[in-house]
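1. Next input, structure requested:
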Amino acid sequence: MRRNFLIPPRLPAPIPAWFVFPGIFAALCVCHFTLLSLPYYWDEAGYYIPAAWDFFRTGSLIPISTLSNAHPPLPGIYLALAWKLFGFHPVVTRLAVLFVASLGLLAVGRLALRLTGVHAVALWTVVLTALYPVWFAQSSLAHADIFAAACALWGLVYVLPAYRLGTSHKPWAAALFFALAALSKETAIVIPLTLAAVSLFECRRAPGMARIRLGRESVWLLSCVLPLAAWYAFHYFKTGFLFGNPEFLRYNAQANLTFPRFLAALEHRILHLSAHMNLFVPVGLALAALLLTPRPDDDDQPPPGALSLPLILRKGRESTSQLSDRIKNDGVEANDPRPGLAPSALRRIFLLLLVNAVLFSVLGGALLTRYLLPFYPLVLLVAVATFYRRVPYWHALAALSAAAFVAGIFINPPYGFAPEDNLTYARVIRLHQAGIQQLDQRYPGATVLSAWPVSDELTRPELGYLTQPYSVYLVPDFTAAGVARAIEEPEKYSAALIFSTKYDPHSPYFTLGAASRAADVRYFGLHHDLPPVELARQLHGDLVWQQHDHGQWIALLRFNRQFDARLQLPASFP
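-> Have a look, this model is predicted:
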């Protein structure tokens, strides 16, 4: 008599979201536990938290305490609601962002299951996405990109062609999520527009009902523009600027419209989508797997009467009885190759990757990898689906990719990158905390020479670094040119909190060449800060404290100069 399987490799229906989501959220909270109380950093501190803070205090959708960049208001509204319910604290913010990241991972699982029909592929795609260093770091940072990524991935769940052609689409649901994605980050509107263009193109050659379905789908996707257009109209009415303040528009768009700059940026974007932060491991393994022929659909099915292994350890997709039923019902031969992603789904995925690589080679003054956050799960899904279709022990390749990602979370690559791409951002925050603590202990009330983002950390108590703000003498960076003006105006500051503004370990082995580095200097702000000792010498100060951590540093300078003491008297003083 045949025994029942312990855990069927292929479940009859997706596991309910209410059952899966708490597990994902709990796992993310545990993995990010040591990061929850960190104060805000980089663009969090520079824009998103001040904008949400202004809405929380005043109800204004247009930022008051910082220049408006015309970014849509949905992340700020969400964070303000979280603070209203649970209090204004970094822990509340981090947990609120982890909640959104968990929704994004749930969408990744649903998308993988819809496109492949294989629970093991969906599981590995979720695990690899959660462990990919860029996604892992952004899961607890209050940037708009994680909000846009979660909404966009849910939109893809309802619009990309499923592995079963009979599976119904829900273009209205996709349009709703894409509209929310665009109201989180304006550049997300490119995703539904690209998919609408594909639907319109396919509509010309589609027969009968398929043409109607594709036409309806394109109309729904194009409607996502309306909420974003309404936001920009409101922003223009309130500020007189359509796409943010002129300096923001110049830096992120107008100054980028040169062909050499585009080619240099595109080179980086291709690497971001294929190799950055150990992404080359699953991508390289998938390319190698393409050299193998697809496996027969039943090559590793258990014999009748055998116990089934748990789902995560299974190579197979269906039990023997399920396979037999499918053969009888669908007319599928037992030795047919395993199905991969549907060609129509692959076309849309690769087109989305191409369009957004080109888009973010034009837009954005900085080559931040988080701009591509919705697309790393798509790359990983294609890789895992390729493993599953062509490699016998494909779980080993997925596990090797996971190990590479875990290493990337903690170990810096031998080339320059943004600290927010892995846990380096936490090291930088802790360095800044230590430096500000030293400043509080040694020189309270000083006028401090510093650069952004420490300048914001010293002047905004709501960012979590201090309780009493400082007066700041701002310099652009700590290069010789950056401090030249400060050398000529020594009377305007009494202390200096200097730090590394770039992480760029120059390696002769991991570089795109001298021409690429020259382009990075010209177009993307690459520079090299002077070391603390040299800065102290040029500014004629004393180095009283410094700290280093994995290539990042911070230091405190004092100046032996006489300053005029001015007593501010009240108007009624006799």
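2. where does the stretch 301-450 of the chain dip in pLDDT?
-> 301-336 (pLDDT under 70).
3. hmm, try it at 90
-> 301-340, 342, 362-367, 414-416 (pLDDT under 90).
4. name the element residue 169 belongs to?
-> Using DSSP states H and E, residue 169 falls within no helix or strand.
5. That one touches residue 155, doesn't it?
-> No: counting by CB atoms under 8 Å, residue 169 does not reach residue 155; the two are 11.7 Å apart. C-beta coordinates here come from the backbone N, C-alpha and C atoms, glycine included.
6. The two: which is more packed in?
-> Neighbour count, other CB atoms under 10 Å: between residue 169 and residue 155, residue 155 has more, with 30 against 17.
7. That one: what's its closest spatial neighbour, skipping adjacent residues?
-> In space, and not counting its chain neighbours, residue 155 is closest to residue 177: 3.7 Å by CB to CB, 6 or more residues apart in numbering.
8. Moving C-terminal from the helix or strand hosting the one you found, which element do we reach first?
-> Assigned by DSSP H and E, residue 177 belongs to helix 171-182. Sequence order places helix 190-203 as the next helix or strand after helix 171-182, per DSSP H and E.
9. hmm, who's touching that following helix?
-> Contacts of helix 190-203 from elsewhere in the structure, counted by CB atoms under 8 Å, 6 or more residues apart in numbering, are 152, 155-156, 159, 174-175, 178, 181-182, 211, 214-215, 217-218, 221-222, 224-225, 344, 347-348, 351-352, 355-356, 359, 374.
10. Just give the number of residues close to the residue nearest to residue 155.
-> Residue 177: 25 surrounding residues under other CB under 10 Å.
11. Please name the spatially closest residue to residue 361 (chain neighbours excluded).
-> Leaving out its chain neighbours, residue 361 is closest to residue 265 (CB to CB, 6+ apart), at 3.8 Å.
12. What is the three-state secondary structure of that neighbour?
-> Going by DSSP: H, G, I helix; E, B strand; the rest coil, the secondary structure assigned to residue 265 is helix.
13. cool, and residue 405?
-> What three-state DSSP gives for residue 405 is helix.
14. got the contact list for the closest residue to it other than its chain neighbours?
-> Nearest residue to residue 405, sequence neighbours excluded (CB to CB, 6+ apart): residue 131, at 4.1 Å. When contacts are counted by CB under 8 Å, 6+ apart, residue 131 touches 402, 405, 406, 409.
15. please redo it, this time with the cut-off set to 7 Å
-> Residues in contact with residue 131 (CB atoms under 7 Å, 6 or more residues apart in numbering) are 402, 405, 406.
16. now swap in residue 31 and tell me
-> Contacts for residue 31 (CB under 7 Å, 6+ apart) come out as none.
17. And the next helix or strand past the one helix or strand in the chain whose mean pLDDT sits lowest?
-> Scoring the helices and strands of the chain by mean pLDDT, DSSP states H and E places helix 320-330 at the bottom, with a mean of 43. Next in sequence after helix 320-330, counting helices and strands by DSSP H and E, comes helix 343-362.
18. that older thread, mind checking which of the contacts of helix 190-203 are buried?
-> Neighbour counting over the contacts of helix 190-203 (16 or more other CB atoms under 10 Å) leaves 152, 155-156, 159, 174-175, 178, 181-182, 214, 217-218, 221-222, 224-225, 348, 352, 355-356, 359, 374 as the buried ones.
19. what about residue 236, how many neighbours?
-> 13.
20. now the strands for the stretch 351-500 of the chain?
-> All strands of the stretch 351-500 of the chain, identified by DSSP state E, counting those that start in this stretch, fall at 447-450, 471-474, 495-499.
21. Sheet-wise, list the partners of the second one with their directions.
-> Using DSSP bridges, the neighbouring strands of strand 471-474 in the sheet come out as strand 447-450 (parallel).
22. so how far is the strand it pairs with from its chain's centroid?
-> Its chain's C-alpha centre and that of strand 447-450 lie 32 Å apart, by CA atoms, centre = their mean, to the nearest Å.
23. Between the contacts of residue 131, identify the one with the most neighbours.
-> residue 405 (26 neighbours).
24. mean confidence for the longest helix belonging to the chain?
-> Determined from DSSP state H, the single longest helix within the chain is helix 90-116. Helix 90-116 carries an average pLDDT of 96.
25. got the angle for it vs helix 343-362?
-> Per axes from the mean of the first three to the mean of the last three CA atoms, to 10 degrees, the angle that helix 90-116 makes with helix 343-362 is 140 degrees.
26. quick one: helix 90-116 to helix 171-182, angle?
-> Per the same axes, to 10 degrees, the angle that helix 90-116 makes with helix 171-182 is 140 degrees.
27. Can you name the next helix or strand after helix 90-116?
-> Once the chain leaves helix 90-116, the next helix or strand it forms, by DSSP H and E, is helix 119-131.
28. Show me how far stretch 83-99 is from its chain's centre.
-> How far stretch 83-99 lies from its chain's middle: 19 Å, per CA atoms, centre = their mean.
29. nearest to residue 250, of the strands of the stretch 351-500 of the chain?
-> strand 471-474 (19.4 Å; CB to CB).
30. Not counting its neighbours along the chain, what's nearest the most centrally placed residue in the chain?
-> Most central in the chain under CA atoms, centre = their mean is residue 370, positioned 3.3 Å from the mean C-alpha point. Sequence neighbours aside, residue 145 is the residue nearest to residue 370 in space, at 4.3 Å (criterion: CB to CB, 6+ apart).
31. quick one: average pLDDT of the helix or strand hosting that neighbour?
-> Per DSSP H and E: residue 145 is located in helix 144-157. Averaging pLDDT along helix 144-157 yields 97.
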